[in-house]
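Peer 1: The following block contains a protein sequence and its predicted model.
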Amino acid sequence: MQKIIIEGSRRLVGEVTISGAKNSALAILTAAILADSKCTIRNLPDIRDVAYIKDMLLQMGAKVETNQDTMVVDGSNISKYKIDMDLAKKMRASYYFLGALMGKFNKAEIPFPGGCDIGVRPIDLHIKGLEALGAKIKLSHGVIKAKATELVGATIYLDVVSVGATLNIMLAACKAKGVTTIENAAKEPYIVDTANFLNAMGANIKGAGTDVIKIKGVSVLHGCEHTIIPDQMEAGTFMAAAAATRGDVLIKNVIPTHLEAISAKLREMGVEVIEYEDSLRVINNGRTKAVNIKTLPYPGFPTDMQQPVSVLLALSDGTAIITESIFESRFKYLDELKRMGAKIKVEGRVAVIEGVSKLSGAPIYATDLRAGAAMVVAGLVAEGKTEISNIGHIDRGYEKLEEKLIKLGAKIKRVDED
Ligand code: UD1
């Protein structure tokens, strides 16, 4: 086991380059098995979740070649339609194989997925969608077993806006007979990126990025080349870190429109955010003002970013209210911030944060992926030494985090735990 140690109170200054988007990468690597030949996928982040998906692809019999940030996936000869229980438990996105394998074989057996512990995280909408396309699904001993004689397009209304369900239905519907319409679909950039990838493979998907997506089934999907979009959440984390440390950071390789909700909140707090074509500069010279945040599906304020931004709120003038409307227990990490001196009260899905003058370094624990990012931001800004344990979560989603922060002037290192 390893932990991260940070000597805090140092401004972040300089330039950082954002890696490819984790959530796109996971869906797109899975989607590649639908092709009848090789797919070349570029700008993949070097993170543990991508390595897990690669392991799943290999376990199913796909050929995978990796060269730096590029993976060539040939899933044409896959014959397995099951995922190993130990692998699937490591991450949430293993559920994309449900849609992709149904699209490829009309059958799939996927262990109930793992991932961050941030609430109940049901997959009823994924199942509802696949059933509407004609799949018969049963859950037995922790494994979801799905099969169909054929998948036939249908209109599916998602009761809750779900990124995962939208993508899973898209994957299953690409080769279904007729037209599938997803209503109340998620609009996240990952949905558009995955639809672009599938369309490059020969799929016929229209409306990705709006709340109605239409998928006209095609009989064959072929190999293609695709470059993953930049990671909105990694960029948002560096934006929060730059602002919290009163730094001046140019964040390169981003799509500024994907970050608008975060930029707007930072500006409301008094932080300067300058947008360029594919980069953003975040400058903060003083104490920020408290603002209220409500997490919402894209283009609203992302639930993944309430955690890193809460550190900034803990050090802002006034009282901030965060309402978490996506996941019911995404506030566990706030107990760790309190250990560092933050003044926070949580009532259900609402956290009330009263700004304090400083945070002080302490031994803290990364309760999930984005909580881990928040702990790092807290360590960067706190006085003295912060030790973060359970950092495996951070490695699931951040490429070379310490290396990137050191280049910006942070004093951060990784050590083996005693
Ligand atoms: C994805 C992202 C995650 C992000 C989240 C919300 C990936 C791998 N993960 O997670 O980083 O925090 O979107 O932007 O892309 N729900 C149901 N039934 C379902 C599915 C979801 O009720 O069948 C609910 C969830 O409990 C939650 C809401 O829908 O309240 C949104 O979840 P969803 O968008 O599905 O999140 P994930 O796809 O798991």
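Peer 2: On my side now, so go ahead. Residues are numbered from 1 along each chain as shown.

Peer 1: How far does the helix or strand of the chain with the lowest mean pLDDT sit from its chain's centre?
Peer 2: Within the chain, no helix or strand scores below helix 85-88, which has a mean of 84 by mean pLDDT, DSSP states H and E. A distance of 19 Å separates the centroid of the chain from that of helix 85-88, by Cα atoms, centre = their mean, to the nearest Å.

Peer 1: Show me what it is packed against.
Peer 2: helix 48-59, strand 107-111 (3 or more Cβ pairs under 8 Å, 6 or more residues apart in numbering; DSSP states H and E). Every C-beta, even on glycine, is put in place using the N, C-alpha and C of the backbone.

Peer 1: Which parts of the next helix or strand after that helix count as buried, going by neighbours?
Peer 2: Remark: after helix 85-88, the chain's next helix or strand is helix 96-105, criterion DSSP states H and E. By 16 or more other Cβ atoms under 10 Å, the buried positions in helix 96-105 come out as 96-104.

Peer 1: Secondary structure element holding the residue of the stretch 151-300 of the chain found nearest the ligand?
Peer 2: Nearest to the ligand, among the residues of the stretch 151-300 of the chain, is residue 164, at 2.8 Å (Cβ to the nearest ligand atom). Applying DSSP H and E as the criterion places residue 164 in helix 163-173.

Peer 1: which helices and strands does the helix or strand that that helix is followed by pack with?
Peer 2: Next along the chain after helix 163-173, taking DSSP H and E as the criterion, comes strand 179-183. Judged by 3+ Cβ pairs under 8 Å, 6+ apart, strand 179-183 is in contact with strand 155-157, helix 163-173, strand 212-216.

Peer 1: closest one to residue 264 among the ones you listed?
Peer 2: Between residue 264 and the helices and strands packed on strand 179-183, the tightest spacing by Cβ to Cβ is seen for helix 163-173, at 21.2 Å.

Peer 1: Return the angle between stretch directions for that closest one and strand 107-111.
Peer 2: For helix 163-173 against strand 107-111, the angle by axes from the mean of the first three to the mean of the last three Cα atoms, to 10 degrees is 160 degrees.

Peer 1: what distance separates helix 163-173 from the middle of the whole chain?
Peer 2: Worked out by Cα atoms, centre = their mean, helix 163-173 lies 16 Å from the chain centre.

Peer 1: Could you do stretch 338-346 as well?
Peer 2: 26 Å.

Peer 1: contacting residues around that stretch?
Peer 2: With contact meaning Cβ atoms under 8 Å, 6 or more residues apart in numbering, stretch 338-346 is reached by 314, 331, 334, 337, 351-356, 358-364, 378, 382, 386.

Peer 1: show me what contacts the residue with the largest distance to the centre of the chain?
Peer 2: Most distant residue from the mean C-alpha position of the chain: residue 149, 33.4 Å away (Cα atoms, centre = their mean). Residues near residue 149 by Cβ under 8 Å, 6+ apart: 106, 134.

Peer 1: one more time with 10 Å, if that's ok
Peer 2: Contact analysis of residue 149 by Cβ atoms under 10 Å, 6 or more residues apart in numbering lists 106, 134-136.

Peer 1: Give me the buried subset of the contacts of stretch 338-346.
Peer 2: For the contacts of stretch 338-346, a burial check counting by 16+ other Cβ under 10 Å picks out 314, 331, 334, 337, 351, 353, 355, 359, 361-362, 364, 378, 382, 386.

Peer 1: Where does confidence bottom out across these?
Peer 2: The pLDDT minimum for these sits at residue 331, where the score is 93.

Peer 1: Surely that one is in contact with residue 303?
Peer 2: No: taking contacts as Cβ atoms under 10 Å, residue 331 lies outside contact range of residue 303: 11.1 Å.

Peer 1: which stretch of helix or strand covers the closest residue to residue 15 other than its chain neighbours?
Peer 2: Using Cβ to Cβ, 6 or more residues apart in numbering and skipping residues adjacent in sequence, the residue nearest residue 15 is residue 250, 4.5 Å away. Element membership for residue 250 (DSSP H and E) is strand 248-252.
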